[in-house]
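Asker: Need coordinates for the following:
(chains A and B)
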Protein chains: 2
Amino acid sequence: MNIMRIPRLYVENAEKHEGRKVVIENGGKVIKFLDKDEEYEGDGKVLYQVIYDDFDNYVLMGTVTKDMIIEYEVGGVRQITYIKKGTKLLEIPAEGYKVYPIVDFGCRILGGHRIAALQSRKGDIRFVNTPVNGIVLFLKEVPAKRENYVFYILPEEEIKFEEE
Amino acid sequence: MNIMRIPRLYVENAEKHEGRKVVIENGGKVIKFLDKDEEYEGDGKVLYQVIYDDFDNYVLMGTVTKDMIIEYEVGGVRQITYIKKGTKLLEIPAEGYKVYPIVDFGCRILGGHRIAALQSRKGDIRFVNTPVNGIVLFLKEVPAKRENYVFYILPEEEIKFEEE
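Answerer: Residues are numbered from 1 along each chain as shown, chains lettered A, B, ... in the order given. A predicted model of the protein is given here:
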């Protein structure tokens, strides 16, 4: 059985890309995965494979800047996530002496759930919780002196900021 | 914004169906969502929409009996999960005086995670954990005297039974 552990990421107008392509036609009603050498001559939107770890290159100030598709395969199941340009994401940081992420790509999380455990130098454990229901789309490990992760979460409700 | 809270389920050769259709061509490389009245004349596999709550009708002894697609839409994101016939699922029951499911459709869970809290008549709380990494595909509420749920989980590793 061919298990794909790392999701594949495809983005619109990618500058550098690895050859695989997906085409979106008719506003997302048709999704076509092309072979490496397959040509495409329709008027659909072509997304090119990029390195999954570069996900955050396509997010600016919490907003997705290009149409993206994430493809994830496990066992007899294929999961395709189509994220439209303009989608707002919530970025939740988790930083500590040691950080243990509890959720990963594809996890649907419910408000109040623990998403990471933080261990202090003294060994105390605290948890980072999500304030919203949503889906984890990406987990970024930020190079830093202390361990540092950012969770990119798609909230199920539109993000609202409370006014005073 | 059109938020779809309940996933749509499509299955191959469904007897009763509600009109929406998806076509799978080329072993899953092309996925086409058809309009209600749209005709299809290719040689792809046609899946028909059925009631999502009937998911367990298409699982027999832990094995998926028909190709299925689950479509879930939230905010600017569309998630399509294609489950091939023959896929093995793990069914985890959760029964108690009161049962509080912690995870739902689409949640990716990691071995040891809590999936439900059980409350006894006396008020004691216990947890049901998942023994494997996987994705929750369906949550069935079983009519019974005590509260009773079954979690249908796609394990990330093939299920193996330990030998004595």
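Asker: Show the low-confidence segments of chain A, by residue range.
Answerer: A:1-4, A:16-18, A:158-164 (pLDDT under 70).
Asker: and it, which of its residues are near chain B?
Answerer: A:1, A:3, A:28-34, A:64, A:74-84, A:86-88, A:102-110, A:113, A:135-136, A:154-156, A:158 (CB under 8 Å from any CB of the partner chain). Placement of C-beta: from N, CA and C, glycine included.
Asker: please redo it, this time with the cut-off set to 6 Å
Answerer: A:29-33, A:74, A:76-84, A:87, A:106-108, A:154, A:156 (CB under 6 Å from any CB of the partner chain).
Asker: If any of those are buried, give me the PyMOL selection for them.
Answerer: Under the burial definition 16 or more other CB atoms under 10 Å in any protein chain shown, those of those that qualify are selected in PyMOL by:
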select buried, chain A and resi 30+31+32+33+74+76+77+78+79+80+81+82+83+84+87+106+107+108+154+156
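Asker: count of neighbours near residue A:7?
Answerer: When counting by other CB atoms under 10 Å in any protein chain shown, one arrives at 19 neighbours for residue A:7.
Asker: Report the contact partners of the residue nearest the centre of chain A.
Answerer: By CA atoms, centre = their mean, the mean C-alpha position of chain A lies nearest to residue A:137, the distance being 2.7 Å. Residues in contact with residue A:137 (CB atoms under 6 Å, 6 or more residues apart in numbering or on different chains) are A:152, A:154.
Asker: Sheet partners, orientation included, of the strand or helix carrying it?
Answerer: Take DSSP states H and E as the rule and residue A:137 turns out to sit in strand A:134-141. With DSSP bridges as the test, strand A:134-141 is paired with strand A:108-109 (antiparallel), strand A:147-155 (antiparallel).
Asker: which residues does the residue nearest to residue A:133 when sequence neighbours are not counted contact?
Answerer: Beyond its immediate neighbours in the sequence, the residue positioned closest to residue A:133 (CB to CB, 6 or more residues apart in numbering or on different chains) is residue A:156, lying 4.3 Å away. If you count contacts by CB under 6 Å, 6+ apart, residue A:156 has them with A:133-134, B:74.
Asker: In this structure residue A:12 contacts residue A:67, no?
Answerer: Yes. Taking CB atoms under 6 Å as the definition, residue A:12 is a contact partner of residue A:67 at 4.4 Å.
Asker: if you count what's nearby, which of those two comes out ahead?
Answerer: A side-by-side neighbour count of residue A:12 and residue A:67, using other CB under 10 Å, places residue A:67 first with 22 against 17.
Asker: quick one: the residue nearest to the centre of chain A from residue B:5, how far?
Answerer: Noted for residue A:137: a distance of 19 Å to residue B:5, by CB to CB, to the nearest Å.
Asker: The nearest residue to residue A:141 once chain neighbours are set aside: neighbouring residues, count only.
Answerer: Among residues not flanking residue A:141 along the chain, residue A:149 sits closest, at 5.7 Å (CB to CB, 6+ apart). Neighbours of residue A:149 under the rule other CB under 10 Å: 21.
Asker: Surely residue A:149 is in contact with residue A:92?
Answerer: No. Counting by CB under 6 Å, residue A:149 stays clear of residue A:92, with 8.9 Å between them.
Asker: domain assignment for chain A?
Answerer: In terms of domains, chain A is parsed into A:8-83, A:90-158 (source: automatic domain parsing).
Asker: now residue A:119, which residues is it bridged with?
Answerer: The residues listed as beta-bridge partners of residue A:119 by DSSP bridges are residue A:98, residue A:125.
Asker: contacting residues around it?
Answerer: Shown in contact with residue A:119 (CB under 6 Å, 6+ apart): A:97-98, A:125.
Asker: Residue A:96 too?
Answerer: Contact analysis of residue A:96 by CB under 6 Å, 6+ apart lists A:118, A:147.
Asker: Ramachandran angles for it?
Answerer: The main-chain torsion angles of residue A:96 are listed as degrees, to the nearest 10 and equal phi -170, psi -180.
Asker: for the contacts of residue A:119, which one is nearest chain B?
Answerer: Using CB to the nearest CB, the shortest approach to chain B within those belongs to residue A:125, at 15.6 Å.
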